[in-house]
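> Fold the stuff below for me.
(one chain, ligands or ions: 2)
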Amino acid sequence: MTAPLIAITSGEPAGIGPELCAVLAAHEWPVRPVVIGDLALITARVACTDRHVAVRAFDASQPPVPGMLDVLHVPLDVASEPGVLDTRNAAYVIRTLDVAVEGCRSGHFAAMVTAPVQKNVINDAGIPFTGHTEYLADQTQTPRVVMMLAGEYGEPRRWMRVAVATTHLPLAEVPAAITPDLLEDSLRIMHKDLRDKFGLVSPRILVSGLNPHAGEGGHMGREEIDVIQPVLDKLRAEGLQLIGPLPADTLFVPHQLERGDAVLAMYHDQGLATLKFATFGGGINVTLGLPFIRTSVDHGTALDLAGKGCADPGSLIAAMNCAINMLGYRS
Ligand SMILES: NC(=O)C1=CN([C@@H]2O[C@H](COP(=O)(O)OP(=O)(O)OC[C@H]3O[C@@H](n4cnc5c(N)ncnc54)[C@H](O)[C@@H]3O)[C@@H](O)[C@H]2O)C=CC1
Ligand SMILES: NCC(=O)COP(=O)(O)O
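Ligands and ions are numbered 1, 2, ... in the order given. Here you go, the predicted structure:
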């Protein structure tokens, strides 16, 4: 049986994504990784690492070779220097995503794993882009997806999984964005994917409040009473195991976290700051609710490290393992 192909988009060319791809050839996988990016760029950046990895153009008719990185060539628009952003390569970054999306939709790829992109340079180039999460939802006409980050922490090792109800939007716009529909859809998507793709038979979800002390009985904001609580009541009546709304500052203390399998936080930094404090470097990001599997690293482009060969590949390995597990393979 031939191993399923996994597309790995190499991300911002000036960042650490291209060199991190070296680890894909240095590891043995039950799947076949195919890096999407510029062949010369990947070759040069992989050479910056101390891994002895050769690079070749991907050819599906050729079997995989240990130590050889397969690259599906998507040409850069201009040469890229490590750490130096160039808006002229923004369209290239988008093209790498489009190749992966098209391949996942057609069944050519079994999943996609993304290296980080520099969101501001894509916008500076005139391409509206808030993140992979929103872009992939748009490209697949999926009305609602959920961003969830996860990683192992503590001794003995435990999983922390944190999803966010709102993703990349200014903080001032968060309260209005938290609607009953958004919360209901997000919780349904989490429940389904945690059960079907993460093997949790009856997932328990901790839901944070929005305001300090979860609104202090309505004296510090009413979103908990007017929006969050009614949604939780409705879904609990259907059998979903939901705990909250909980004050976000104490939700992450160990005895509270142990009551759930995952957290739904109301906004990006409310949930992800703690997650990254506990798991950075080995965590993953997964888009729930998409018609195909997409996982990602937990970090950004790290322009300060690009081209130095010292960036930690732990999160890319974890993102590969997560995709592999979601596909039902043992990683
Ligand atoms: N999935 C994605 O495409 C993501 C993209 N980003 C983008 O990355 C850009 C930079 O974001 P920042 O907030 O500066 O975060 P960052 O993760 O790039 O950097 C934060 C710190 O962590 C270090 N770091 C990051 N990855 C590392 C690794 N693999 N090994 C060792 N050290 C590492 C960096 O050197 C830096 O000191 C932004 O444009 C942001 O939008 C951020 C997060 C995810
Ligand atoms: N902090 C996670 C993050 O910003 C990743 O976003 P995305 O590009 O995966 O949507």
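> With just CA atoms, put stretch 311-321 into PDB.
These are the backbone C-alpha positions of stretch 311-321, laid out as PDB (Å, rounded to 0.1, in the frame of the first residue of the first chain):
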ATOM      1  CA  ALA A 311      14.900  26.900  15.200                       C
ATOM      2  CA  ASP A 312      13.200  24.200  17.200                       C
ATOM      3  CA  PRO A 313      11.300  21.800  14.900                       C
ATOM      4  CA  GLY A 314       9.300  20.300  17.800                       C
ATOM      5  CA  SER A 315       6.100  21.900  16.900                       C
ATOM      6  CA  LEU A 316       6.300  20.900  13.200                       C
ATOM      7  CA  ILE A 317       6.900  17.300  14.400                       C
ATOM      8  CA  ALA A 318       3.900  17.600  16.700                       C
ATOM      9  CA  ALA A 319       1.700  19.000  13.900                       C
ATOM     10  CA  MET A 320       2.700  16.100  11.700                       C
ATOM     11  CA  ASN A 321       1.900  13.600  14.400                       C
END
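> That one near ligand 2 anywhere?
No. Using CB under 6 Å from any ligand atom, stretch 311-321 stays clear of ligand 2, with a minimum separation of 10.4 Å. To be clear about C-beta, it is placed using only N, CA and C from the backbone, and glycine gets the same treatment.
> what does the chain have sitting close to ligand 1?
So the chain meets ligand 1 at 16, 114, 116-120, 132, 285, 296, 299-302, 304-305, 311-312 (CB under 6 Å from any ligand atom).
> Now that we have those, which of them are buried?
16, 114, 116-119, 132, 285, 296, 299, 301-302, 305, 311-312 (16 or more other CB atoms under 10 Å).
> So which of these are in helices?
Residues of these located in helices (DSSP state H): 119, 132.
> Cross the buried ones among the residues of the chain next to ligand 1 against strands and list the overlap.
Among these, the members falling in strands (DSSP state E) are 114, 285, 296.
> would you turn those into JSON lines with distance to Tyr267 and pLDDT?
Converted to JSON lines, those look like this (distance: CB to CB, whole Å; pLDDT from 0 to 100):
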{"residue": "Thr114", "distance to Tyr267": "22", "pLDDT": "98"}
{"residue": "Asn285", "distance to Tyr267": "16", "pLDDT": "98"}
{"residue": "Ser296", "distance to Tyr267": "19", "pLDDT": "98"}
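> What does the pLDDT read for the residue of the stretch 101-250 of the chain found nearest ligand 2?
Ranked by CB to the nearest ligand atom, the top residue of the stretch 101-250 of the chain for proximity to ligand 2 is Gly131, at 2.8 Å. pLDDT recorded at Gly131 is 96.
> cool, Glu28 as well?
pLDDT for Glu28: 88.
> Leaving aside the residues adjacent along the chain, what's closest to it?
What sits nearest to Glu28 in space, not counting adjacent residues and going by CB to CB, 6 or more residues apart in numbering, is Pro66, at 7.3 Å.
> tally of neighbours for that neighbour?
With neighbours defined by other CB atoms under 10 Å, the count for Pro66 comes to 8.
> Ligand 1 versus that one, what's the distance?
Shown here: Pro66 relative to ligand 1, a distance of 24 Å by CB to the nearest ligand atom, to the nearest Å.
> got it, and His52?
In this view, His52 and ligand 1 are 20 Å apart by CB to the nearest ligand atom.
> same question, Arg294
Distance of Arg294 to ligand 1, computed by CB to the nearest ligand atom: 10 Å.
> tell me the contacts of Pro18?
10-11, 37, 41-42, 45-46, 115 (CB atoms under 8 Å, 6 or more residues apart in numbering).
> Which strand or helix spans it?
In the assignment (DSSP states H and E), Pro18 maps to helix 17-20.
> can you tell me if that helix touches ligand 2.
No. Counting by CB under 6 Å from any ligand atom, no contacts exist between helix 17-20 and ligand 2, the nearest distance being 11.8 Å.
> need the next SSE after that helix, C-terminal direction.
Where DSSP H and E defines the elements, the next helix or strand beyond helix 17-20 is helix 22-26.
> Show me what the next helix or strand after that following helix is in contact with.
Sequence order places strand 32-37 as the next helix or strand after helix 22-26, per DSSP H and E. Applying CB under 8 Å, 6+ apart, the external contacts of strand 32-37 come out as 2-10, 13, 17-18, 21, 24-25, 42, 58, 64, 69-74, 96, 99-100, 109, 113, 320.
> mind running it again at 7 Å?
Contacts to strand 32-37, defined as CB atoms under 7 Å, 6 or more residues apart in numbering, come from residues 3-10, 18, 21, 24, 42, 58, 64, 69-72, 74, 96, 99-100.
> Filter those residues down to just the buried residues.
Neighbour-count burial (16+ other CB under 10 Å) applied to those gives 4-10, 18, 21, 24, 42, 58, 64, 69-72, 74, 96, 99-100.
> what residue ranges in the protein are flagged as low confidence?
Scanning the chain for pLDDT under 70 picks out the ranges 1, 329-331.
> Show me what counts as buried in stretch 140-149.
Within stretch 140-149, the residues scored as buried using 16+ other CB under 10 Å are 140, 145-149.
> how about a markdown table for those, with secondary structure added?
Shown next, in a markdown table, are the buried residues of stretch 140-149 (DSSP: H, G, I helix; E, B strand; the rest coil):
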| residue | secondary structure |
| --- | --- |
| Thr140 | coil |
| Val145 | coil |
| Val146 | strand |
| Met147 | strand |
| Met148 | strand |
| Leu149 | strand |
